[in-house]
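1. Got a sequence here, can you model it:
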Amino acid sequence: MQTRTGPQPRSSSLSDFSQKGGRGGAPRPKGAFPGGAAIGLLRQIVVADTDEEARRIAKPALEYHAGSLNWLRRRHGSTEFTSRNNIHRGETFESWEEQEMAIAGSPATVRAAIERQVKTLGINYLLCYLFFGTMAQSDALRSLQLFCTEVMPALEKI
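-> Next up is the predicted model:
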């Protein structure tokens with residue numbers, strides 16, 4: 001018996017979903033994006049004055065965040081729902097960093113990592129998690145300030 005919050009029928013793929021009209025009808029070009037399509041990434045990002053400081057903040061915050069994301073997997077085992085289509089959900093900051101899903105460092109380090117991913121993956125849309133897990137509000141606000149003043153201006157050029 002299926003409950004309201006249980007598994008729901010879904011399209012076999014995103015392209016199938018899109019071809020059938022998706023949420024808002026037939027796909028429409030997005031003029032604001034090169035090529036008419038948004039190609040994006042989600043990244044957990046911590047910016048601090050030094051690489052060491054950013055990693056000190058990011059490691060416990062991300063590991064707590066990852067633990068929350070992995071709670072269903074630990075409780076129910078790996079299923080289609082809990083695996084989230086094989087999206088990386090490692091337990092350690094280092095595993096997220098290795099997969100380039102977490103970026104922590106000085107403004108120069110963060111800029112270089114984002115620029116490398118843009119060049120390699122061809123993205124034109126970046127969604128940033130700048131406050132997550134156990135981060136102190138003061139650390140998150142400082143990270144946001146550095147991201148806005150020292151990282152974003154350089155990203156406008158790419």
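2. Tell me, how many residues neighbour residue 91?
-> 14 (other CB atoms under 10 Å). C-beta: built from backbone N, CA, C; applies to glycine.
3. Run through the strands of this structure in chain order.
-> Secondary structure of the chain (DSSP state E): strands located at 40-47, 102-105, 125-129.
4. Adding mean pLDDT, mean neighbour count and distance to residue 119, write those strands out as a markdown table.
-> Compiled in a markdown table, the strands of the chain are given as follows (pLDDT from 0 to 100; neighbours: other CB atoms under 10 Å; distance: least, CB to CB, whole Å):
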| stretch | mean pLDDT | mean neighbour count | distance to residue 119 |
| --- | --- | --- | --- |
| strand 40-47 | 94 | 20 | 13 |
| strand 102-105 | 97 | 25 | 15 |
| strand 125-129 | 91 | 14 | 13 |
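5. got the contact list for the residue most central in space within the chain?
-> The residue lying closest to the centre of the chain (CA atoms, centre = their mean) is residue 42, at 2.3 Å. Residues near residue 42 by CB atoms under 8 Å, 6 or more residues apart in numbering: 101, 127-129.
6. Residue for residue, what is the longest helix this protein has?
-> Ordering each helix of the chain by length in residues (DSSP state H) puts helix 51-69 first.
7. buried set for that helix?
-> Buried residues in helix 51-69, counted by 16 or more other CB atoms under 10 Å: 53-55, 57-59, 61-63, 65-66.
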